[in-house]
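Peer 1: need a structure here:
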Amino acid sequence: MADKYALRGIDTLIAAGCQIEGDLLFQGGLRIDGHVKGHVKGCAQDDVTGHAYLVLGRSGRISGGVWAGDVMIDGLVEGNLHINGRVELLSRARIIGDIHYMSLSMQPGATV
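Peer 2: Below you'll find the model as predicted:
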């Protein structure tokens, strides 16, 4: 899945050390290496570009629910995931909540 994200590109980056308080609405690709305290909601741009996708880096943290098309997680999510497509949990992923998904891939070490 990492190759899929590389081809699409990341439109928005929330870098390590950055903290956002409040709900976040995004389109395209979003990478979070910082901390978001609030819900993270992706919305489709149009039929050509596809749906929103989220990459949560190893230092990334989300304290709230997540709605997106696809996600790749290597950080901490304290909330429920509502994913229309694929969820990929890397080895350091920690999910404290429920996951709703179409497809799930989980590396050894990931916890839900």
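Peer 1: continuing past the lowest-mean-pLDDT helix or strand in the chain, what's the next helix or strand?
Peer 2: One helix or strand of the chain scores below all others by mean pLDDT, DSSP states H and E: helix 2-8, with a mean of 48. Using DSSP states H and E, the next helix or strand after helix 2-8 towards the C-terminus is strand 12-14.
Peer 1: Paired strands for that next one, with orientation please.
Peer 2: strand 29-32 (parallel) (DSSP bridges).
Peer 1: Would you mind checking the average pLDDT for the partner strand?
Peer 2: Model confidence over strand 29-32, given as mean pLDDT, is 96.
Peer 1: residues in contact with that strand?
Peer 2: Contacts to strand 29-32, defined as CB atoms under 8 Å, 6 or more residues apart in numbering, come from residues 5, 8-14, 24, 40, 42, 52-57, 60-62, 75. (C-beta placed from N, C-alpha, C; glycine too.)
Peer 1: In the chain, which residue is most central in space?
Peer 2: Central residue of the chain (CA atoms, centre = their mean): residue 54, 3.4 Å from the mean position.
Peer 1: That one reaches residue 71, doesn't it?
Peer 2: Yes. Here residue 54 reaches residue 71: they are 4.6 Å apart, a contact under CB atoms under 8 Å.
Peer 1: list the buried ones in stretch 86-95?
Peer 2: Neighbour-count burial for stretch 86-95 flags 86, 87, 88, 89, 90, 92, 93, 94, 95 (criterion: 16 or more other CB atoms under 10 Å).
Peer 1: what would the residues you listed look like in JSON lines with pLDDT?
Peer 2: Output for the buried residues of stretch 86-95, formatted as JSON lines (pLDDT from 0 to 100):
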{"residue": "86", "pLDDT": "95"}
{"residue": "87", "pLDDT": "97"}
{"residue": "88", "pLDDT": "97"}
{"residue": "89", "pLDDT": "98"}
{"residue": "90", "pLDDT": "97"}
{"residue": "92", "pLDDT": "97"}
{"residue": "93", "pLDDT": "98"}
{"residue": "94", "pLDDT": "98"}
{"residue": "95", "pLDDT": "98"}
